[in-house]
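Engineer: sequence-free structure coming up:
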């Protein structure tokens, strides 16, 4: 670890903490391998997105102020979820008395991949991952945080995750028919619009199956949880890993 | 019925819903390709958005300028506060002309005002002359899409319908043959109509003219054969200058159908000698929307339908699932402003994926407005249980201890409960999806053991 490396606080989304500890561990180990001094502030809970997206943003004041206070003393906050990161940046209610801290947080919180490419300025990771990898683009990561170019816009194509993955020895990138269509998770949408949510998930999985994805990856475990849940139920042969797990494994 | 109920119904015919999704995706894909053919696409969107913002900020002035110039051109201008007044004005003009049969080219505004049933009730025959609209009119259905009104129907269904209504050969599904039959049928209606009704795509303040865009030329056919032209226009359709059309016409056709230009962009400025042009400027909730700061810019919409074609929800649930004149993402932010109670499920008919915002040619932040409408809906129409569970959740998340306890309770419950209980019928997540295998410890527990 570098002596004067910036202090990085890990923000592990609540459902990752509870259901996917291995993603949290991979994120932590990966950042350490890349020379960061990483802390996981123990008092953290959730960003409040499930409440806000359901129409109760006004009830997230307590959650948001707790979040701001928990992460106030660090140079950077890094999170293995584009969706939760976007929520903190754009959808926190204004917290009276913490205006300065809130503004600072919005600028120092990063999704894991963009932290690696934009803050650590790492263009290439040396490692090996001999698998056919299909990338699921999370909508909030892509259209919200601009982690990759969108098919809707007339802009030069780029994809921050792809750049890191494609450099890994042996990794085959899967080209999909619909590169950035939503998987249908959508938070409470998964339950309130169950039929649509399932159909959208099935359609995404079919695209990956058709193009022979071996491992489906992405930057948001919520999309993966939804897709994996459908794949497991219908007994599809497909493995699922978060980007952090792939990069951490590859760098061993 | 709510949106989820309608969507579930639509998805039951899985072959048809797959076809619907793929058909609209094809249109979206065409739009992608053609929009990438012009390097200045994003600048055009920016420009269009800016012009519309500017018009909305100065709407009263531009409307008055438009009215002054239109009157100078010999157009008769009417103002309608709501749909009732609009419908009454149309009927009065028809009665003055002693007209019992009208032809109408596509106008979402007249759909919004439910003009057809109103006129029919008063003994006027209304014939929609856009092919897709004529098809849904035969079926007594509203359009399911604002640009492609009959997109929910397959060739076979149209063939059967035309066999019944226009006596075409049974089983002949050839599109050219069916279209020809519709042309012959519509031509008779065109010849018989003394009055033609059209919508308006753009009203030009500096010249007092207006522009109607159609691919079939049906607006022109109707107007030029009739004695009287009634144009129904939402007050947000104003552009300051004629040259602004250079921005909007390029965006409209490409966004709507992936065409470089709409086939007919017809300018109407003054009536021919002996004929009349009436224009009805309609508010019907638009000034109320203008007053809502968060939702104001939904009025920039030019009704291209691109947000419908791109929406993964719309493509898989169909236009009727929204139960609103304008369906899809844009409808879901416009309709709650007209009737919040009726349309309260629409802002939730979205994953907030944001694709609608990125295809929108006038850069309406549609998905952000969906989020904002959710906040409004729950203030007055939130179900009690949902509100309560959300408040509980906030209680849990603001307290680290409560969060830890409830989290480990949840994991332990998942470990120890039999599958029949985890996947019981009330667990909607588990109906068609497995839950993740519960890990033996949370990340936090691992961290405390291994790092602190």
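Structural biologist: Cool, got the structure. This is a predicted model, so every value here is computed, not measured.
Engineer: could you find the closest non-adjacent residue to the closest residue to chain B within the stretch 101-250 of chain A?
Structural biologist: Residue nearest to chain B within the stretch 101-250 of chain A: residue A:186 (2.9 Å; CB to the nearest CB). Any C-beta I mention is one placed from the backbone N, CA and C, and that applies to glycine too. With sequence-adjacent residues excluded and distances taken as CB to CB, 6 or more residues apart in numbering or on different chains, residue A:186 is closest to residue B:351, at 2.9 Å.
Engineer: and for residue B:445?
Structural biologist: Excluding its sequence neighbours, the residue lying closest to residue B:445 (CB to CB, 6+ apart) is residue A:21, at 7.8 Å.
Engineer: and the one you found, how many residues sit next to it?
Structural biologist: 20 (other CB atoms under 10 Å in any protein chain shown).
Engineer: would you mind measuring from it to residue A:109?
Structural biologist: 21 Å (CB to CB, to the nearest Å).
Engineer: now residue B:336
Structural biologist: Distance from residue B:336 to residue A:109, by CB to CB: 31 Å.
Engineer: check residue B:247 too.
Structural biologist: 37 Å.
Engineer: picking up where we left off before, tally of neighbours for the residue of the stretch 101-250 of chain A closest to chain B?
Structural biologist: With other CB under 10 Å as criterion, residue A:186 counts 27.
Engineer: for it, grab phi and psi.
Structural biologist: phi 60, psi 30 (degrees, to the nearest 10).
Engineer: from residue B:266, how far off is it?
Structural biologist: Using CB to CB, residue A:186 is found at 42 Å from residue B:266.
Engineer: list the contacts of the residue nearest to residue B:445.
Structural biologist: Contact analysis of residue A:21 by CB atoms under 8 Å, 6 or more residues apart in numbering or on different chains lists B:439, B:441-443, B:445-446.
Engineer: which residues does the residue sitting nearest the centre point of chain B contact?
Structural biologist: Computing the C-alpha centroid of chain B and ranking residues by CA atoms, centre = their mean puts residue B:326 first, at 3.3 Å. Going by CB under 8 Å, 6+ apart, residue B:326 touches B:108, B:112, B:146, B:303, B:334-335.
Engineer: rerun that using 6 Å as the cut-off
Structural biologist: Counting by CB atoms under 6 Å, 6 or more residues apart in numbering or on different chains, residue B:326 makes contact with residue B:334.
Engineer: and if you look at the one 10 residues further on?
Structural biologist: Residues in contact with residue B:336 (CB under 6 Å, 6+ apart) are B:343, B:373.
Engineer: so where does it fall, helix or strand?
Structural biologist: Assigned by DSSP states H and E, residue B:336 belongs to helix B:328-338.
Engineer: average pLDDT for that helix?
Structural biologist: The average pLDDT for helix B:328-338 rounds to 96.
Engineer: helix or strand right after that helix?
Structural biologist: helix B:355-359.
Engineer: contacts for that next one, please.
Structural biologist: With contact meaning CB under 6 Å, 6+ apart, helix B:355-359 is reached by A:150, A:152-153, B:306-307, B:310-311, B:329, B:365-367.
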